[in-house]
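Peer 1: need a 3D model of the following:
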Amino acid sequence: MALSWIADKVLLEIVSNILEIAQNAKTSAENDFNKNVIAPFSALFEISGFDIDYETWFKNETTWQVQKTLQNHVGDFHQKVLGSVKDWKDLGVGSVIDLLSEKFKIIAEVKNKYNTISGGKLADLYFSLDNLVMPKNSIYKGYTAYYVTIIPKKPARYNKLFTPSNKEKGEKCQLNESIRMIDGASFYSLVTGRPDALEELFNHLPSIIEKLSGKALLKKDKSKLDIFFKQAFQ
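Peer 2: Residues are numbered from 1 along each chain as shown. Got it, this is the predicted structure:
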């Protein structure tokens, strides 16, 4: 069943882009494998210590390289999905902020995982958001700025003030109701008005991927992935 808050046509285009990135990364990793400097000692210990042969090690190594590339684009995937919801706009890669809703007066910076930004850089993000919503002459004056981590550190929902440590001053950044941090499930709910929108998306993606690739996800595999989802978000 299609999602009520985003058209399948739009979702198909977004997912198609991600699958294309994954395929290109896989091809590149295989074709350019010998161009990269491989750590021979690590390879030796992995083959021996994991009790695998060279072919299995090679597949694992190329898969790891592809995973790094793909994970860099998963945050963009969420940004595009959220930016396709009514009254929301994806401002694209390289913009000062990722998402904008003029109707709800919200701007957002979206990251795929809680540790995408190192602790020392969180204060920089805070001041960047502060500089967007606080100055009287800013076009976002009166807006609420959100730092969104799709995958939170702990499986708990939150929507709270964003007060990272400012190491230069040795204290936390100032409390500001207009600068907040929020987990992915809560932000999807905020954007769509659906309390379980992120889970709805997760459950709908296999059918979208099947339409594009012709490959159906086995039920037993989906059941195992469902466990990962619950561990991350519930």
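Peer 1: over to the nearest residue to Pro152 once chain neighbours are set aside: give its phi and psi.
Peer 2: Using CB to CB, 6 or more residues apart in numbering and skipping the chain neighbours, the partner closest in space to Pro152 is Asp183 (4.1 Å). For the C-beta atoms, the positions are set from N, CA and C on the backbone; glycine is no exception. Main-chain dihedrals, Asp183, degrees, to the nearest 10: phi -80, psi 170.
Peer 1: contacts only, for Asp183.
Peer 2: Neighbouring residues of Asp183 by CB atoms under 8 Å, 6 or more residues apart in numbering: 148-150, 152, 156-159, 233.
Peer 1: tell me which helix or strand comes right after the longest helix seen in the chain.
Peer 2: The longest helix of the chain (DSSP state H) is helix 54-82. Using DSSP states H and E, the helix or strand that follows helix 54-82 towards the C-terminus is strand 89-90.
Peer 1: now do that next one: distance to the chain's middle.
Peer 2: Counting by CA atoms, centre = their mean, to the nearest Å, strand 89-90 is centred 15 Å from the centre of its parent chain.
Peer 1: other SSEs contacting that strand?
Peer 2: Other elements packing on strand 89-90 under the criterion 3 or more CB pairs under 8 Å, 6 or more residues apart in numbering; DSSP states H and E are helix 54-82, strand 99-101.
Peer 1: run through the helices of this protein in chain order.
Peer 2: Under the criterion DSSP H, the chain carries helices at the ranges 8-31, 40-49, 54-82, 119-133, 184-192, 197-213, 219-233.
Peer 1: and stretch 132-144, what's buried?
Peer 2: Within stretch 132-144, the residues that count as buried by 16 or more other CB atoms under 10 Å are 132-134, 140, 143-144.
Peer 1: quick one: mean pLDDT for that stretch?
Peer 2: The average pLDDT for stretch 132-144 rounds to 96.
Peer 1: residue most distant from the centroid, this protein?
Peer 2: Most distant residue from the mean C-alpha position of the chain: Ser48, 34.8 Å away (CA atoms, centre = their mean).
Peer 1: deepest-packed of the helices of the chain, please.
Peer 2: Of these, the one with the most neighbours on average (mean count of other CB atoms under 10 Å) is helix 184-192, at a mean of 23.
Peer 1: thinking again about what came up before, filter the contacts of Asp183 to the buried ones?
Peer 2: Listed as buried from the contacts of Asp183 are 148-150, 152, 233; burial here means 16+ other CB under 10 Å.
Peer 1: from these, which one has the minimum pLDDT?
Peer 2: Among those, Phe233 has the lowest pLDDT, at 91.
Peer 1: any idea how far it is from Lys80?
Peer 2: Look at Phe233 and Lys80: by CB to CB, to the nearest Å, they are 20 Å apart.
Peer 1: ok, Glu20 next?
Peer 2: In this view, Glu20 and Lys80 are 13 Å apart by CB to CB.
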